[in-house]
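A.B. asks: I would like the atomic coordinates for the input below:
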Amino acid sequence: GGQDKLRPLWRSYTRCTDGIVFVLDSVDEERMEEARMELLRVARENSGVPVLVLANKQDLPGAKEPREIERVLGLHELGAGHLWHVQPACAIIGEGLDDGLEALYDMIVKRKRLAKQAKKKR
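C.D. replies: This next block holds a predicted model:
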């Protein structure tokens, strides 16, 4: 649901969530800035929640590489305490989806472990 009219609903879906999956058309350069703004907004509204960026359409010519996507989306702006991963993917054939979800799971487990350790220190 990336359409403008559906975005206000995102808040109700992301409240109290353990992880965010952000699907990106890695070929559509015209919407990269819009994607960057929306991703940073959602990530900041859900402070510390791990983010998986599925860089879709990697099978097409002109698809951006994960490092370029990290740069274009400004993922480093999220700060050191925010876990994120860019996974190249091709949704049509399912390539990269399992690896991406596994990375998200690992980030969620890591975040919960760190929160538990921080709680013990108090």
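
A.B. asks: which strand residues bridge Glu95?
C.D. replies: Beta-bridge partners recorded for Glu95 (DSSP bridges): Cys90.

A.B. asks: contact partners for it?
C.D. replies: Glu95 makes contact with Gln58, Asp59, Ala89, according to Cβ atoms under 8 Å, 6 or more residues apart in numbering. Bear in mind the C-beta positions are built from the backbone N, C-alpha and C, glycine included.

A.B. asks: make JSON lines out of those residues and add neighbour count and distance to Val42.
C.D. replies: Listed next are the contacts of Glu95 as JSON lines, based on neighbours: other Cβ atoms under 10 Å; distance: Cβ to Cβ, whole Å:
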{"residue": "Gln58", "neighbour count": "19", "distance to Val42": "22"}
{"residue": "Asp59", "neighbour count": "14", "distance to Val42": "26"}
{"residue": "Ala89", "neighbour count": "26", "distance to Val42": "19"}
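
A.B. asks: and the residues you listed, which is closest to His82?
C.D. replies: For the contacts of Glu95, the residue nearest His82 by Cβ to Cβ is Ala89; the value is 21.0 Å.

A.B. asks: surely that closest one touches Val53?
C.D. replies: No. Applying Cβ atoms under 8 Å, one finds Ala89 not in contact with Val53, separated by 9.4 Å.

A.B. asks: isn't Ile93 right up against Asp59?
C.D. replies: Yes. Counting by Cβ under 8 Å, Ile93 sits close enough to Asp59 to count as a contact (7.5 Å).

A.B. asks: before we move on, back to that, and of the contacts of Glu95, the nearest to Val23?
C.D. replies: Ala89 (8.2 Å).

A.B. asks: which non-adjacent residue is nearest the closest one?
C.D. replies: Leaving out its chain neighbours, the residue that sits closest to Ala89 by Cβ to Cβ, 6 or more residues apart in numbering is Gly96, at 3.4 Å.
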